[in-house]
Each structure stands twice: as structure tokens, then as C-alpha cells.
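1. When you get a sec, could you give me coordinates for this:
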Amino acid sequence: MIVGVLKEQAPETRVSLVPEVVQALRKMNITVWMEPGAGAQSFYTDAAYTDAGADLKDAAGIIEGADILLSVHPENLDEIRRENLVVMGVFQPLFNGAQMRDWANRKWTVFSLDTIPRTTRAQSMDVLSSQANIAGYKAVLLAAYQYGRYMPMLMTAAGSIPPAKVMILGAGVAGLQAIATARRLGAVVEVFDTRPAVKEEVASLGAKFIEVEGAADASGAGGYAVEQSEAFQQKQKEKIHEHIRRNDIIITTAQIPGRKAPVLITREMIEDMRAGSVIVDLASATGGNTDLTKDRETVQHKGVSIIGNSALSAQMPADASRLYAKNVLNFMKLLIDANGGLVLNFDDDLVKGTCITHNGQITNERVAATIASS
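-> Reported below is the predicted structural model:
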């Protein structure tokens with residue numbers, strides 16, 4: 001079997017496979033074709049890939065001859081007209097229903113790794129978690145760079161400097177890493193999340209948990225957030241407004257699969273923040289958690305910086321690619337037999353849950369329902 005990797009389109013800097021994962025695939029009797037320069041933005045050279053056992057092929061040759069195409073994003077694949085292809089990447093199928101339907105018409109078998117069930121068994125394949133961990137870390141560094149004051153408390157001969165106050169909305173993987181990073185930099189941190197179950201994790205990292213009663217139960221959502229009632233959302237906004245006035249840096253991470261990101265911070269709240277404060281919105285690609293967020297832009301509003309960036313993991317492309325490639329490798333082990341052949345076992349809940357299209361049909365129930373209702 002041949003696995004092909006195309007060069008990602010700018011501004012994406014990550015790559016689907018790194019040399020050490022190429023070596024692992026070769027040991028599984030898999031042939032790997034890389035487009036020249038595919039790893040350059042992640043600091044992996046063509047020579048490193050060939051040393052690991054990959055073959056360099058041009059894009060046309062890879063598209064024509066590969067059995068599986070790997071991609072971080074769908075843009076690389078949309079112009080490919082070949083039928084009966086297996087593709088794997090992070091395709092956000094709940095937002096890209098028309099594209100998924102088009103790919104189904106091409107008789108593609110599509111695996112979107114961002115839909116993998118969030119179970120214990122799937123942890124080593126969870127691309128959302130591996131990339132969110134990096135994003136949470138980078139968000140705090142970005143905020144610290146933008147923030148015009150010290151993060152830690154300092155006592156000097158000229159006087160004392162109080163520590164920065166950081167508020168993190170959402171204690172998922174990105175939020176927890178943001179807590180840890182902000183605490184390491186010496187900030188005072190408080191955290192809001194709709195799930196009371198994360199309170200202990202938040203406290204273990206040295207942050208204060210802000211609780212709002214009446215949240216919808218998310219225990220049956222497979223590790224993903226759920227939409228809240230209007231009454232709860234109103235109480236939530238009031239509580240956030242109460243706390244946001246006394247915080248200097250806000251990191252927002254709240255997203256709901258297949259839906260626009262919830263607006264947690266209104267213009268009025270931003271105007272109550274002191275000049276020089278910073279908001280980093282990791283949900284900007286799906287609308288953002290503030291009224292003023294613009295994806296891939298920094299907005300200045302009455303002295304407050306609102307940074308919209310939901311692709312911060314791509315700013316650490318070497319490590320982000322390494323983790324992503326390991327996720328891909330662990331998932332591919334479910335699809336490959338001892339001879340390096342492709343086996344599609346749809347009795348496996350991870351294979352079934354991650355497969356979006358097969359045999360000309362939308363096979364993922366949530367994606368099919370979303371398309372039907374649109």
C-alpha cells in the first residue's frame with residue numbers, strides 16, 4: 001500500500017508525516033511518497049524523509065498512484081478529481097457538509113480525525129487534544145508578549161509589581177495547558193467551565209474555579225462541549241462580566257462541534273476591561289467567543305487587544321507535526337494488516353466514528369443529519 005503526503009497550502013506550516021513516523025510505516029510494509037518540500041515549513045528536510053525510507057514524488061504522481069492521501073486540511077484535496085481514494089486529515093465535516101457530499105460523490109473513503117470518539121482507547125489518536133495542548137501553551141505566550149506589563153509579581157528596590165491576573169474560559173486540553181503555562185509565568189489564574197467535573201483538575205494546577213450552577217450535563221457528549229440553555233447562558237455572561245473587570249488577560253477556548261462558537265464576552269464587557277488588557281480567542285475560526293473577534297486578526301478596542309487565532313499550533317510546526325503524525329500513525333494501525341494492506345473494519349467504533357464517507361454515501365450519522373437539516 002502507498003501512502004502519499006502533499007505539500008500543505010499556506011498559511012499552514014504543519015505536515016502530516018515526520019521522518020520517524022515514516023520509519024514506523026516502512027516497518028509495517030507501507031510505501032511512503034512525499035512531495036518535495038512538504039516538510040520544509042516544519043523544519044523537516046527532504047533528505048531526512050529519504051533517509052527514513054520515503055520516496056520523493058511530484059504532486060501529480062502522488063495523486064495518481066497513492067492509495068491513501070494524508071492532509072492536515074481539506075484545501076489540498078478539493079481539486080483532485082480521481083475517484084475511489086482514501087483520504088485522511090482534519091476536515092471539520094460538520095461545518096463542511098457540501099464538501100463532504102462532493103467527496104462522497106467521488107466515491108472517496110474519508111477519515112476526519114477531528115471526529116474520533118473521545119474514549120480512553122482513542123487518546124493516542126486524538127488530534128484535537130494534541131494540537132489544543134500546543135495552542136493553549138502558545139496562547140499564553142502570545143498574550144504575555146502583547147501584554148504591556150509583567151506577568152509575575154516582582155519586588156524591586158523601586159517598588160513592587162503585582163502579578164498579572166489571567167482568566168481562562170474553558171478547561172479542556174487547551175485551557176488546562178493555558179492554566180499551567182500562566183501559572184509557570186507567575187500569573188494569578190481563575191477559570192470558568194460549564195463542567196463541574198473539571199474543578200479538581202483546575203485546582204490541582206493552582207487556579208481558582210468559577211462555578212455557575214445549572215449547566216447542562218455533558219457526560220454523554222463523548223468529551224465534547226454541549227450547547228447550554230438560554231437561562232444558563234445569561235447567568236454565565238453575568239458571572240463572566242463580574243470577573244472580567246478585574247482580569248488583565250483572557251484566554252477563550254469554548255467551542256461546540258458543528259455549531260458557531262458561543263459568544264461569552266460582549267462588547268460591553270470588553271469596554272469594562274482596563275486599557276492594556278489582552279484577549280486571545282482560540283475559537284475565532286468558528287465565529288469567536290467575543291463580539292469583536294476577527295479570525296487571523298488582532299482588533300484594538302478602547303485599549304484592549306482581541307487576538308483571533310484558532311491555529312496557534314501551526315506556530316510551533318515541528319512539534320505540532322510530530323504529535324499529529326503520531327496520532328495519524330496510531331489511527332492507521334487500525335486500518336493496516338500484517339502485510340501492509342488496507343482493512344476497513346467498520347465494527348471498530350473508532351474506525352466507524354471517524355469515517356465520514358464510504359461507497360458514495362455519507363456514513364457518519366451526525367454529519368448526515370447536519371447536511372439534511374442545512
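
2. Helix or strand with the lowest mean pLDDT in the protein?
-> Every helix and strand of the chain was ranked by mean pLDDT, DSSP states H and E. The lowest is helix 230-244, at a mean of 85.

3. burial count for A197?
-> A197 has 11 neighbours, counted by other CB atoms under 10 Å. C-beta: built from backbone N, CA, C; applies to glycine.

4. Helix, strand or coil: sort out it for me.
-> For A197, the assignment made with DSSP: H, G, I helix; E, B strand; the rest coil gives helix.

5. From F209, how far off is it?
-> 11 Å (CB to CB, to the nearest Å).

6. could you say what helices and strands the least confident helix or strand of the chain packs with?
-> If you count contacts as 3 or more CB pairs under 8 Å, 6 or more residues apart in numbering; DSSP states H and E, helix 230-244 packs onto strand 165-169, strand 188-192, helix 267-271.

7. try it again with 6 Å
-> The helices and strands touching helix 230-244, judged by 3 or more CB pairs under 6 Å, 6 or more residues apart in numbering; DSSP states H and E, number zero.

8. Toward the C-terminus, what is the element adjacent to it?
-> The first helix or strand that comes after helix 230-244 along the chain, using DSSP states H and E, is strand 249-252.

9. That following strand pairs with which strands, parallel or anti?
-> Strand 249-252 sits in its sheet next to strand 165-169 (parallel), strand 278-281 (parallel), going by DSSP bridges.

10. ok so, going back, going by neighbour count, which residues in the least confident helix or strand of the chain are buried?
-> By 16 or more other CB atoms under 10 Å, the buried positions in helix 230-244 come out as 232-233, 235-237, 240, 243-244.

11. do the same with stretch 185-203
-> Buried positions in stretch 185-203, judged by neighbour count with 16+ other CB under 10 Å: 185, 187-195, 198-199, 201-202.

12. how distant is it from the center of its chain?
-> Mean-position distance between stretch 185-203 and its chain equals 20 Å (CA atoms, centre = their mean, to the nearest Å).

13. so how far does it reach from one end to the other?
-> With CA to CA, to the nearest Å as the measure, stretch 185-203 spans 17 Å from end to end.

14. quick one: average pLDDT of stretch 87-106?
-> Stretch 87-106 shows a mean pLDDT of 94 in the predicted model.

15. buried set for that stretch?
-> Judged by neighbour count using 16+ other CB under 10 Å, the buried positions of stretch 87-106 are 87-97, 99-101, 103-104, 106.

16. now, which of these lie within strands?
-> Using DSSP state E, the members of those that fall within strands are 87-89.

17. Now S130. Nearest residue, chain neighbours left out?
-> L323 (4.0 Å; CB to CB, 6 or more residues apart in numbering).

18. mind listing what T253 touches?
-> Going by CB atoms under 6 Å, 6 or more residues apart in numbering, T253 touches 170, 174-175, 282.

19. Which residue is the nearest non-sequential neighbour of it?
-> G170 (3.6 Å).

20. for P196, same thing?
-> Distances taken as CB to CB, 6+ apart put E211 closest to P196, at 6.4 Å, once the chain neighbours are dropped.

21. and the gap between that neighbour and A178?
-> According to CB to CB, E211 stands 19 Å off from A178.

22. The two - which one has more neighbours?
-> Neighbour totals were compared for E211 and A178, and A178 leads with 36 against 12 (other CB under 10 Å).

23. before we move on, what SS does the more buried one have?
-> A178 carries the three-state label helix when classified by three-state DSSP.

24. Correct me if wrong: it contacts V140.
-> Yes: the criterion here is CB atoms under 6 Å, and A178 meets it with V140 at 5.2 Å.

25. What number of residues are in the vicinity of E75?
-> Residues near E75, counting by other CB under 10 Å: 13.

26. So for it, what pLDDT did the model give?
-> 84.

27. ok, it touching Q9?
-> Yes: judged on CB under 6 Å, E75 makes contact with Q9 at a distance of 4.9 Å.

28. Run through who's touching stretch 28-45.
-> Stretch 28-45 is contacted by residues 1-7, 13-15, 18, 22, 25, 46, 49, 54-57, 59, 62, 66, 317-318, 321, 336, 339-340 when judged by CB under 6 Å, 6+ apart.

29. mind running it again at 7 Å?
-> Residues from elsewhere that reach stretch 28-45, judged by CB atoms under 7 Å, 6 or more residues apart in numbering: 1-7, 13-15, 17-19, 22, 25-26, 46, 49, 53-59, 62, 66, 317-318, 321, 336, 339-340.

30. Could you list the buried residues of that stretch?
-> For stretch 28-45, burial by neighbour count (16+ other CB under 10 Å) applies to 30-35, 38-39, 41-42, 44.

31. Nearest spatial neighbour of V367, chain-adjacent residues omitted?
-> Spatial nearest neighbour of V367, chain neighbours left out: P93 (4.6 Å); criterion: CB to CB, 6+ apart.

32. so where is this protein shaky, pLDDT-wise?
-> 214-228 (pLDDT under 70).

33. Return the distance of the residue sitting furthest away from the middle of it relative to G186.
-> Relative to the mean C-alpha coordinate of the chain, counting by CA atoms, centre = their mean, the farthest residue is A157 (44.0 Å). As defined by CB to CB, A157 lies at a distance of 19 Å from G186.
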